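Participant: Please find the sequence and the predicted model below.
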Amino acid sequence: MRSRGMSIRQCGHKTDWSNIYSTLSEAARDNRPVTGWTHNFYRYPARFSPGFAAAAIQCLSTPSDLILDPYMGGGTTVVEAIVAGRPVIGNDLNSLAAFITRAKITTLAPREVAALKAWATDAVPEFTYSTSAEELAHIIDVDKAKNLSLVRARFIKKAIAAALASITGLPTTNAMNFAKCATLRVGQWALDGRERHTSLKDFRQRLSATTLEMVSAISSFERHRNKSRDAIILNEDASQIDHSPVFQNGMRKASLVITSPPYPGVHVLYHRWQVDGRRETPAPYWIAGCQDGNGASFYNFGDRRETAADKYFLTSLKTLFAIRRIIRDGAFMVQMLAFNKPEDQLPRYLQNMERAGFAEVRLGKPRIWRAVPHRKWHANLIGNTDAANEVVLIHQAI
């Protein structure tokens, strides 16, 4: 049977739900490390696998369909939509997410590639501790570099500052932002959740190798992307996305939404790293040159101390109404999310979906659940809590 008379789109050359279900289930439960295209430019929290996004695009859309990810995070859906030849709009409230996604999809001219390779092989190996704090003072944003003066972080702070100072010699804004993204990725590796000190030598070697690897990845992405398809990146509140000039100026409605929204009752650090004893730092915004200014509750739809998560569900409902207004009737919405208390929160979330104008597609099949892969060491210490399991929800707009 079919949900509310809605049709299921073609998956490959078959139209049966069993094939779609098995394809999405296999892709969702794939726990291999994230690889391919530009997906490894940054480890964004709570990201789902590129294979899952690719499977959903293949199963539930055609090349002419507009894809939307209203909570795009690190841009997984955006990258996979571009490779699949679909026009796509990605949005996130977090300016860091917008920066990372743009870095993943902005291709480079030959002179930019040459300059980045030279930077990686010539400039990066010359970074030293000898540069005085006074010389780097104009580079370091004291507020955004909070807690980077701690024992395990202060030397890497200096190395990051040296990297940012040298980036200004690159020929274009695109090249500079690309180098910032490489520095961001290596800074995360060196500092975030790290149990041991990272040496300057290791930082330099990693930054040089990572930059060259990323240049190769973006060049491969450029060769495979469908240039006739547009990608639009927004940095807006999802509850106001229907008021964006993009949709106000005649943009057609989306046919497929693939996304991972904030999780009810689950605290995720979308805007901080944890350094030297898990003290939080907004250093990613310093490195990327982005503005933050918001606490974790802003990005999580609610405070971690609010056990009932009432604010979360009020905010979520507003965003779902806005999303419904910019997608066509019959459009699919595929989500992956986790719950702190699934027995209470999953029914509330499903009620929000129904109130916003969506019907769940079940067709006699159980929901797809998966264990969250590649959790950080300190999360694994807590054990397999409810929040360590994610569910795939598939709805259609009615």
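Facilitator: The structure has been received and is ready for your questions.
Participant: pLDDT of the helix or strand harbouring Ser220, averaged?
Facilitator: Using DSSP states H and E, Ser220 maps to helix 200-224. What helix 200-224 shows for mean pLDDT is 95.
Participant: Mind giving me the packing neighbours of that helix?
Facilitator: helix 76-83, helix 95-105, helix 110-118, helix 154-167, helix 173-191 (3 or more CB pairs under 8 Å, 6 or more residues apart in numbering; DSSP states H and E). Where you see a C-beta, it was placed from the backbone N, CA and C, and this is true even at glycine.
Participant: tell me which strands and helices whichever helix or strand comes after the shortest one is in contact with?
Facilitator: This means helix 76-83. The helix or strand immediately downstream of helix 76-83 is strand 88-91, counting by DSSP H and E. If you count contacts as 3+ CB pairs under 8 Å, 6+ apart, strand 88-91 packs onto strand 67-69, helix 76-83, strand 231-234.
Participant: State the next helix or strand along the chain beyond the lengthiest strand in the chain.
Facilitator: Looking across the chain with DSSP state E, the single longest strand is strand 327-338. Downstream of strand 327-338, the first helix or strand assigned by DSSP H and E is helix 342-356.
Participant: what's the burial count for the residue nearest to Ala120 when sequence neighbours are not counted?
Facilitator: Distances taken as CB to CB, 6 or more residues apart in numbering put Thr211 closest to Ala120, at 3.8 Å, once the chain neighbours are dropped. Applying other CB atoms under 10 Å, we find 25 other residues in the vicinity of Thr211.
Participant: Next: Gln274.
Facilitator: 17.
Participant: What strand or helix carries His267?
Facilitator: Going by DSSP H and E, His267 is not part of any helix or strand.
Participant: Quick check, it in contact with Gly302.
Facilitator: No. Between His267 and Gly302 there is no contact under CB atoms under 8 Å: 9.5 Å.
Participant: for the stretch 251-398 of the chain, what spans make up the helices?
Facilitator: 283-288, 296-300, 310-325, 342-356, 377-382 (DSSP state H, counting those that start in this stretch).
Participant: now for these, which one comes closest to Ser255?
Facilitator: Closest to Ser255 of the helices of the stretch 251-398 of the chain, according to CB to CB: helix 310-325, at 12.8 Å.
Participant: which residues does the residue lying closest to Val113 once chain neighbours are set aside contact?
Facilitator: The shortest distance from Val113 to any residue other than its chain neighbours is 5.8 Å, reached at Val215 (CB to CB, 6+ apart). Applying CB atoms under 8 Å, 6 or more residues apart in numbering to Val215 gives the contacts 108, 113, 116-117, 120, 178.
Participant: If we use 7 Å, what do you get?
Facilitator: Residues in contact with Val215 (CB atoms under 7 Å, 6 or more residues apart in numbering) are 113, 116-117.
Participant: Repeat that for Ala179.
Facilitator: Here Ala179 is in contact with 116, 119, 167, 170, 211 (CB under 7 Å, 6+ apart).
Participant: Leu164 now?
Facilitator: 139, 183, 287.
Participant: Ala103 is in contact with Ile218, correct?
Facilitator: No. Under the criterion of CB atoms under 7 Å, Ile218 makes no contact with Ala103, lying 8.5 Å away.
Participant: So which bits of stretch 250-262 are buried?
Facilitator: In terms of neighbour count (16 or more other CB atoms under 10 Å), stretch 250-262 has its buried residues at 251, 254-262.
Participant: Can you list the low-confidence ranges for the stretch 1-150 of the chain?
Facilitator: 1-15, 129, 131-133 (pLDDT under 70).
Participant: Mind doing that once more with 50?
Facilitator: 1-7, 12-15 (pLDDT under 50).
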